[in-house]
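>>> starting from these lines, generate the structure:
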Amino acid sequence: MRVIARAIIRSGIALIYSQGFNPHPRLSLPLPRNVGLASDDELFCVKIQTSEDLPFKNLISEQLPNGFELVSTAVVEKPGTYQPVEVEYLVKQAKKTADIEKINEQIRAGNEILIERTINREGDVKTVDVGKFLKPFEIAGQDVRVFCKVLPSGTIRPDEILKLLDIEPCEISSSIIRKLVTWRID
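Numbers count the residues shown, from 1 in each chain. Alright, predicted model coming up:
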């Protein structure tokens, strides 16, 4: 978030700032990622003072550090909300650790796939049916592509995907990457 904010500030684009003692650019991340989770697809929204036709992509791209790529920019005249509807994850070397086809049979049959979800810092858990959030997994060599629906009732978490695949959640940074997010704009 800081890298993007700094790049936009350095680009010279006239931004709208928050009010208060330490004003910050009005920047939001509609689908924040878990700590340690790698991502190849992020959406940032920033409020600007002008809608004149500037080369926003070029201005911001010039200020980004190596390893960052700005794919596209768009100016939206009226405010809207961005709702994720599907997320694609790539789980590395999962084929060795789980019976993928057994999970796919459960998903295709519409069976419940129950996960124990920790709901607070005290460690309280609740049982959640994550099957309704999943599409069949795709094997890609030693890796697995996981497509998750995002519904108003929620979605499956990346650490829960790892549990399904018998991968330790503490290995999240080396095991899973968010590859693509599909958005609905209201």
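
>>> just checking, Lys179 touches Leu37?
No: contact criterion CB atoms under 8 Å: Lys179 and Leu37 do not qualify, at 11.4 Å. All C-beta atoms are positioned from the backbone trio N, CA, C, and that covers glycine.

>>> which SSE is immediately downstream of the helix-or-strand element of the chain with minimal mean pLDDT?
Lowest on mean pLDDT, DSSP states H and E among the helices and strands of the chain sits helix 172-175, with a mean of 72. Next in sequence after helix 172-175, counting helices and strands by DSSP states H and E, comes strand 176-185.

>>> buried sites along that following strand?
Buried residues in strand 176-185, counting neighbours by 16 or more other CB atoms under 10 Å, are found at Ile176, Ile177, Arg178, Lys179, Val181.

>>> and Leu54, which of the three is it?
coil (DSSP: H, G, I helix; E, B strand; the rest coil).

>>> tally of neighbours for it?
16 (other CB atoms under 10 Å).

>>> tell me the contacts of it?
Ile13 (CB atoms under 8 Å, 6 or more residues apart in numbering).

>>> isn't Ser72 up against Ile60?
No: in this structure, Ser72 is not within contact of Ile60 by CB under 8 Å, at 10.8 Å.

>>> perfect, that will be all.
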